[in-house]
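In: let me see the structure of the following:
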Amino acid sequence: MRTPFTTVLLAATLVSAAIAPALAQTADPAAPPSTSPASPSNDTSGPVAAKPATLSDDLRPKFVAQTPADMVASKLVGLNIVNGAGDTIGQVADLVLDEKQQIKAWIVGVGGFLGIGAKYVAIDPSALKVGRGDNDTLKAVIDTTKDQLRAAPEYIYLGKEKPKDAQATTPATTPATKP
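Out: Model prediction:
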């Protein structure tokens, strides 16, 4: 089968048009422009090589090393809270961070047994003092009583609100039917 000359010419033109931009991009854009007499003048009418896309230093993540004074959330959640008399009155259940990533509230579980039946209340961060106790163990102290925590308004997570007129219902059981 014979290929017409115009088809071959068209294919060669398309291939050279596709290779030319790729070859133009192989030059190092960070290198200063050449000033040799053999190089073309700094003509700005043609395409200009751009710098490769990179993150600027202010967009790069900042890495932080842990210090002995740091407290990590995984060690705070579950921490027993005691009052001035040394009575355990609750447990840290969660942390709430605001839009500035500052602690907005400590969520404290009070009452219940092993987390079952506990009521959650939100405590202002200034009311709960968290620090290091003996042997560098974490310690949380608050100046209140268990009864005052139980009387505080319940903290309900967004999306977990109970309907206003909800009543405790149990699912209806239906007898099993044979097929």
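
In: so what secondary structure elements neighbour the strand or helix carrying Ser74?
Out: When elements are defined using DSSP states H and E, Ser74 is found to belong to helix 73-76. Using 3 or more Cβ pairs under 8 Å, 6 or more residues apart in numbering; DSSP states H and E as the contact criterion, the secondary-structure elements in contact with helix 73-76 are strand 88-97, strand 138-142. Bear in mind the C-beta positions are built from the backbone N, C-alpha and C, glycine included.

In: what are the boundaries of the strands in the chain?
Out: 80-82, 88-97, 103-110, 119-123, 128-132, 138-142 (DSSP state E).

In: tell me which of those strands sits nearest to Ala50.
Out: Closest to Ala50 of these, according to Cβ to Cβ: strand 88-97, at 39.4 Å.

In: contacts for that closest one?
Out: Contacting residues not belonging to strand 88-97 are listed as 73, 76-83, 103-110, 115, 118, 120, 122, 140, 142, 144-146, 149 [Cβ atoms under 8 Å, 6 or more residues apart in numbering].

In: hmm, 6 Å instead?
Out: The contact list for strand 88-97, computed with Cβ atoms under 6 Å, 6 or more residues apart in numbering, reads 76-77, 79-83, 103-110, 120, 146, 149.

In: ok, for Ala76, nearest residue in space, not its chain neighbours?
Out: You called it Ala, but residue 76 is Leu. Setting aside the residues directly before and after it, Leu76 is nearest to Val92 in space (Cβ to Cβ, 6 or more residues apart in numbering), at 5.4 Å.

In: distance of the one you found from Pro125?
Out: Distance, Val92 to Pro125, using Cβ to Cβ, to the nearest Å: 12 Å.

In: kindly reformat the helices and strands packed on helix 73-76 as a markdown table containing mean pLDDT, distance to Gly131 and mean neighbour count.
Out: Supplementary listing: the helices and strands packed on helix 73-76 in a markdown table, determined by pLDDT from 0 to 100; distance: least, Cβ to Cβ, whole Å; neighbours: other Cβ atoms under 10 Å:
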| stretch | mean pLDDT | distance to Gly131 | mean neighbour count |
| --- | --- | --- | --- |
| strand 88-97 | 94 | 13 | 17 |
| strand 138-142 | 94 | 6 | 17 |
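
In: please identify which of those strands is closest to Val130.
Out: For those, the distance to Val130 is smallest for strand 138-142, at 4.9 Å, taking Cβ to Cβ.
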